[in-house]
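Undergrad: below is the sequence, then the predicted model.
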Amino acid sequence: MKKLIYTALLSILLIGCAKEEITKKDVSVLVIGNSITMSNSNPDIGWNGNCGMAASSIDKDFCSQLRYLLLADYKNVNLDRTQLAWWESNFSYDYTWQIDLTKSYDYIVIELGENVSNYSQYKNALNKLIADFKTTNSKIILVSNAWHKPEVDNIELKICQENNYQFCDISAMYSDSNYYAIEYENQEVAAHPNDEGMMFMANSIYLTIKN
């Protein structure tokens, strides 16, 4: 009798696992960002990584951490990233050479704004950038700034409200130095999220996707 019950329970468990495997789908994500998303090594400022600036390694930056989190819900996660820091200071910057604009993504996560100073043109420029990358089924997520820039956050929030995009608010980071790489002497690097800050960003974006 015990053997029969054990066999039945095992069968139910295996069926449940098989069903979960069948229902899990693939997902594609594009992250468009600045040095927080990806930064090549720059020894002149004390930065020797090739990942999101101030992360201890590429598997600790927010893009990699986001991919790990999504693997709990999806069978395969195709996550691409592109660095457009130059665009933040020059909205006419030609980014078309960096990435295939014809490729379709389920989610486009935009982590931009930290280096923006031209607030008056930012809204139109960001709308154009989104239109260039967005395909019919792409869901857009705008991430608020890792640095305290309410002018930029308000513009991004407005764009989300007007276009039914999702706004990922990470403003809770501002007041907690534990999220930033303050151990670096160079203030440019020190202003970036450390591993804990990167995880906070990844988790915030993940929860936004789930919602």
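TA: Okay, I see it.
Undergrad: name the SS class of Tyr68, please.
TA: Classification of Tyr68 by DSSP: H, G, I helix; E, B strand; the rest coil places it in helix.
Undergrad: next, count neighbours for it.
TA: Neighbours of Tyr68 under the rule other CB atoms under 10 Å: 14. Glycine gets a C-beta too; all of them are placed from N, C-alpha and C.
Undergrad: need the contact list for it.
TA: When the contact criterion is CB atoms under 8 Å, 6 or more residues apart in numbering, the partners of Tyr68 are Ala202.
Undergrad: got a pLDDT number for it?
TA: We note a pLDDT of 98 for Tyr68 in this prediction.
Undergrad: and it, how close does it get to Ile205?
TA: Counting by CB to CB, to the nearest Å, the gap from Tyr68 to Ile205 is 12 Å.
Undergrad: and what of Tyr95?
TA: Per CB to CB, Tyr95 is found 21 Å from Ile205.
Undergrad: ok, Thr102 next?
TA: Relative to Ile205, Thr102 is positioned 25 Å away (criterion: CB to CB).
Undergrad: these two - which one has more neighbours?
TA: The residue with the greater number of neighbours, taking Thr102 and Ile205 and applying other CB under 10 Å, is Ile205; the counts read 26 against 6.
Undergrad: which strand or helix spans that one?
TA: Ile205 belongs to helix 195-210 when elements are defined using DSSP states H and E.
Undergrad: look at Leu30 and give its secondary structure.
TA: Here Leu30 is strand, with the state taken from three-state DSSP.
Undergrad: show me the contacts for it.
TA: Leu30 touches 79-82, 99, 103, 105, 107-109, 133, counting by CB under 8 Å, 6+ apart.
Undergrad: which SS class is the residue nearest to it when sequence neighbours are not counted?
TA: Among residues not flanking Leu30 along the chain, Tyr105 sits closest, at 4.3 Å (CB to CB, 6 or more residues apart in numbering). Using three-state DSSP, the three-state assignment for Tyr105 comes out as coil.
Undergrad: could I get the pLDDT score of Tyr105?
TA: The per-residue confidence score, pLDDT, reads 97 for Tyr105.
Undergrad: what's the local residue count around it?
TA: 21.
Undergrad: quick one: the strands in this protein?
TA: Counting by DSSP state E, one finds strands in the chain at the ranges 26-33, 76-83, 107-111, 139-143, 166-168.
Undergrad: quickly list what Asn42 is bridged to.
TA: Legend: beta-bridge partners of Asn42 under DSSP bridges are Trp47.
Undergrad: my bad, Tyr180
TA: In this structure, Tyr180 bridges to Pro193 when assessed by DSSP bridges.
Undergrad: in this structure it contacts Phe200, no?
TA: No. With the criterion set as CB atoms under 8 Å, Tyr180 and Phe200 do not qualify as a contacting pair; they are 10.6 Å apart.
Undergrad: noted, bye for now.
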